[in-house]
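In: coordinates only, no sequence provided:
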């Protein structure tokens, strides 16, 4: 899923910024543990927004593309038979009435599996609306993530990967080399998604 994306220097800078943003977020909100009764899905949504905003901001600056992040975006199928509200959607605004869905992000506090069905349906609807190209999905609990891709005929999915770990404040190099893959995945999706 990463083959066609370059921007190596930019991604390295973005990784550093994302690492800093995550630490700031964890310091003010705490680590997203299932055992904490005060940690809700809204907290995970805030963490995801914090991460995605930095990546999208840097990508837009580098490429000049008009990609926007929308929260609680409704995606309706072409035949209007399915559809729902998605936690986050990245949309490439091409002109006044023309846009392409690129990435949907579905957040569930307790399980990636819970988010899978909703994300797959949204990706199918996104691809049908776009009429061509690839669309991407991310599912997450905050620390565990998976990326998916749909090209109109088949879905592909990465192995589960971790973006957070409880000792990351003291292990920046580990995070940069082993856990920052999300930056690469999102750059690849934004570079290739919605485009034929």
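Out: Received, thanks. Please read all numbers here as calculations on a predicted model, not as lab measurements.
In: switch to C-alpha atoms for all contacts and neighbour counts from now on
Out: Will do.
In: tell me how far residue 47 lies from residue 65.
Out: 24 Å (C-alpha to C-alpha, to the nearest Å).
In: could you do residue 88 as well?
Out: Using C-alpha to C-alpha, residue 88 is found at 18 Å from residue 65.
In: go on, residue 180?
Out: Applying C-alpha to C-alpha, the value for residue 180 to residue 65 is 23 Å.
In: so for the helix or strand of the chain with the lowest mean pLDDT, what gets flagged as buried?
Out: Using mean pLDDT, DSSP states H and E, the weakest-scoring helix or strand in the chain turns out to be strand 83-93, at a mean of 77. Of all the residues in strand 83-93, those buried under the rule 16 or more other C-alpha atoms under 10 Å are 83, 86, 87, 88, 89, 90, 91, 92.
In: what bridges to residue 100?
Out: residue 92 (DSSP bridges).
In: my guess is it meets residue 92, correct?
Out: Yes - counting by C-alpha atoms under 8 Å, residue 100 does reach residue 92; the two are 5.2 Å apart.
In: on that earlier part again, in terms of neighbours, single out the busier of residue 180 and residue 65.
Out: Under the criterion of other C-alpha atoms under 10 Å, the comparison of residue 180 against residue 65 puts residue 180 first, with 22 against 14.
In: so who does the more buried one touch?
Out: 15, 163 (C-alpha atoms under 8 Å, 6 or more residues apart in numbering).
In: what do you get if the cut-off is 10 Å, keeping everything else the same?
Out: For residue 180, the contacting residues are 11, 12, 14, 15, 16, 18, 19, 161, 162, 163, 164, 174, by C-alpha atoms under 10 Å, 6 or more residues apart in numbering.
In: just give me the closest of these to residue 187.
Out: For these, the closest approach to residue 187 (C-alpha to C-alpha) belongs to residue 11, at 7.9 Å.
In: could you check how far residue 28 is from residue 22?
Out: 10 Å.
In: which one of the two has more residues nearby?
Out: Set residue 28 next to residue 22 and count neighbours by other C-alpha under 10 Å: residue 22 wins out with 18 against 8.
In: that one belongs to a helix, doesn't it?
Out: Yes - counting by DSSP: H, G, I helix; E, B strand; the rest coil, residue 22 is part of a helix.
In: so who does it touch?
Out: When contacts are counted by C-alpha under 10 Å, 6+ apart, residue 22 is found next to 47, 48, 50, 51, 163, 164, 168, 169.
In: what do you get for residue 174?
Out: Counted by C-alpha under 10 Å, 6+ apart, residue 174 has contacts 167, 168, 180.
In: do residue 52 as well
Out: 18, 46, 69, 88, 90, 105, 182, 183, 186.
In: so it, which of the three states?
Out: Quick answer, by three-state DSSP: residue 52 is helix.
In: and it, how far from residue 129?
Out: Taking C-alpha to C-alpha, one finds residue 52 at 23 Å from residue 129.
In: all helices for the chain, in order.
Out: With helices called from DSSP state H, the chain shows them at 8-29, 41-63, 112-130, 172-174, 181-192.
In: poorly predicted segments of the protein, please.
Out: 1-7, 34, 74, 76-85, 95-96, 194-196 (pLDDT under 70).
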